[in-house]
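**Q** Give me a 3D structure for the following:
(one chain, ligands or ions: 2)
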Amino acid sequence: METDVRALSRVQEWYGPHSSTAAEWPVDALMLAKGTTTVSVVLPARNEESTVGDIVTVIRRELVEQVPLVDEILVVDSNSTDATAERAREAGARVVAQNDVLPHLPVMTGKGEALWKGLAASSGDLVVFVDADLRSFGAHYISGLVGPLLVDADIHFVKATYERPYIGADGVPQRGGGGRVTELVARPLINMFWPELAGFAQPLGGEYAARRSVLEQVPFVTEYGVEFGLLVDLLDLVGLDAMAQVDLGHRTHTHQDMAALGRMAGQIMLTAWSRLEGQGRVMASEPPAHTLLQWGLDGDADLVDVGVAERPPLASLVLEEDLT
Ligand SMILES: O=c1ccn([C@@H]2O[C@H](COP(=O)(O)OP(=O)(O)O)[C@@H](O)[C@H]2O)c(=O)[nH]1
Ligand SMILES: O=C(O)[C@@H](COP(=O)(O)O)O[C@H]1O[C@H](CO)[C@@H](O)[C@H](O)[C@H]1O
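**A** Ligands and ions are numbered 1, 2, ... in the order given. Here you go, the predicted structure:
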């Protein structure tokens, strides 16, 4: 009980000074603070032809052409089978194919792989990750996330928070219905094992920014374990007081179905387990299984693999041959 009380009072102490809203970071003030700091926006995109172009267009128009806050817009084409790359290029992004980055390394998959390859293929001092399936994107997503990093040298990581309605087939937003894996898996795990992170209201949100120098020091879990893994690993590396949160208002995106979220939940649980093991907090007589038997509506069963791998800290690939 003592740990819980201590951890939650730590969150209360942290929350005020480390939480803000996007409106507190106006772009003209950020331009005064930017100096020679460069900013890369990296969008992981798998089959996002219907949304990626609009997001890139807003960033380019408002944050490159109107006010040069952003120096690089990179879309990582994550094995798309649609016109994601074409839409992104038309809108003005540089596009790299996930498997074309550091091609001598073994192929890995998933969102975490796309983000790690995006970090490797970009160059900004600050890196902003933004999902490419957003339907609520605005330039304030970027300015809000880089604000604390440009103004406060002691902040190394900024995570978005927002209201996340669920929008189903009827197109009617259900307030608070989004972030299903967040509510059912990530938030309970964080409160059980990393309660000092409980102040992050949207731990799985796909929008966050950090200093390259920090991101290059942590591993990237593949698939959908990446957000959970980064939060825990960055807490370990830089400490809670170097982490901040900015309220971007609300976030709507293309929702996956329940079976997909079941697989995502498995990946996140295995990520949490790997961190607990790495921190010496659990020992397994045998490792947790990474298969999941999922049941369809017609009684059909599907055995899926929810195992995750991880890429090492990019900084560890320091040898020339590792990077070429
Ligand atoms: O293998 C993958 C899976 C996802 N994504 C991208 O990562 C972001 C978040 O993925 P998704 O929308 O599937 O997750 P959700 O938001 O539904 O949890 C989106 O821009 C996806 O296109 C990716 O680049 N590669
Ligand atoms: O937050 C969540 O529970 C999931 C699913 O969101 P929804 O229930 O479809 O709104 O979405 C997030 O989780 C993924 C895993 O961390 C991230 O990669 C996604 O960017 C994020 O949207």
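
**Q** For the rest of this, base every contact and every neighbour count on C-alpha atoms.
**A** OK.

**Q** Run a quick neighbour tally on residue 40.
**A** Burial measure for residue 40: 23 neighbouring residues, criterion other CA atoms under 10 Å.

**Q** So that it lines up with my notes, have the first residue be 37 from now on.
**A** From this message on, residue numbering opens at 37, which makes the last subject residue 76.

**Q** who does it bridge with?
**A** With DSSP bridges applied, the residues forming beta bridges to residue 76 are residue 108, residue 163.

**Q** residue contacts, it?
**A** The neighbourhood of residue 76, defined by CA atoms under 8 Å, 6 or more residues apart in numbering, consists of 106, 107, 108, 109, 110, 158, 159, 160, 161, 162, 163, 164.

**Q** Nearest to ligand 2, out of the residues you listed: which one, please.
**A** Ligand 2 lies nearest to residue 164 out of the contacts of residue 76, by CA to the nearest ligand atom, at 12.8 Å.

**Q** Before we move on, what's the pLDDT of the closest one?
**A** We have a pLDDT of 99 for residue 164.

**Q** what's near enough to touch it?
**A** Neighbour list for residue 164: 75, 76, 77, 78, 178, 181, 182, 243, 244, 245, 246 [criterion: CA under 8 Å, 6+ apart].

**Q** how about a cut-off of 10 Å?
**A** Residues in contact with residue 164 (CA atoms under 10 Å, 6 or more residues apart in numbering) are 75-79, 106, 109, 155, 177-179, 181-182, 193-195, 242-248.

**Q** cool, and residue 261?
**A** Applying CA under 10 Å, 6+ apart, one finds that residue 261 lies in contact with 146-148, 240, 300-308, 342-346.

**Q** can you pull the contacts of whatever residue of the stretch 237-360 of the chain ends up closest to ligand 2?
**A** Per CA to the nearest ligand atom, residue 242 is where the stretch 237-360 of the chain lies closest to ligand 2, at 3.3 Å. Residues in contact with residue 242 (CA under 10 Å, 6+ apart) are 79-80, 147, 164-168, 170, 195-197, 262-263.

**Q** Regarding it, what is its secondary structure?
**A** Secondary structure for residue 242, judged by DSSP: H, G, I helix; E, B strand; the rest coil, is coil.

**Q** Just confirm residue 59 is within a helix.
**A** Yes: Residue 59 forms part of a helix when assessed by three-state DSSP.

**Q** and it, how many neighbours does it have?
**A** Residue 59 has 15 neighbours, counted by other CA under 10 Å.

**Q** Tell me how far it lies from ligand 2.
**A** Shown here: residue 59 relative to ligand 2, a distance of 23 Å by CA to the nearest ligand atom, to the nearest Å.

**Q** Find the nearest non-adjacent residue to the residue of the stretch 137-286 of the chain found nearest ligand 1, please.
**A** Proximity of the stretch 137-286 of the chain to ligand 1 (CA to the nearest ligand atom) peaks at residue 146, 3.2 Å away. Nearest non-adjacent residue to residue 146, counting by CA to CA, 6 or more residues apart in numbering: residue 259, 3.8 Å away.

**Q** Verify the contact between the one you found and residue 346 for me.
**A** Yes: Residue 259 is within contact range of residue 346, at 8.9 Å (criterion: CA atoms under 10 Å).

**Q** Of the two, which one has the most company?
**A** More crowded of residue 259 and residue 346, by other CA under 10 Å: residue 259, with 24 against 19.

**Q** Output the contacting helices and strands for the one helix or strand residue 126 maps to.
**A** Assigned by DSSP states H and E, residue 126 belongs to helix 120-127. Under the contact criterion of 3 or more CA pairs under 10 Å, 6 or more residues apart in numbering; DSSP states H and E, helix 120-127 touches strand 75-81, helix 88-96, strand 108-113, strand 130-133.

**Q** how about these in CSV, adding distance to residue 124 and mean pLDDT?
**A** Shown next, in CSV, are the helices and strands packed on helix 120-127 (distance: least, CA to CA, whole Å; pLDDT from 0 to 100):
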stretch, distance to residue 124, mean pLDDT
strand 75-81, 9, 99
helix 88-96, 5, 98
strand 108-113, 7, 99
strand 130-133, 7, 98
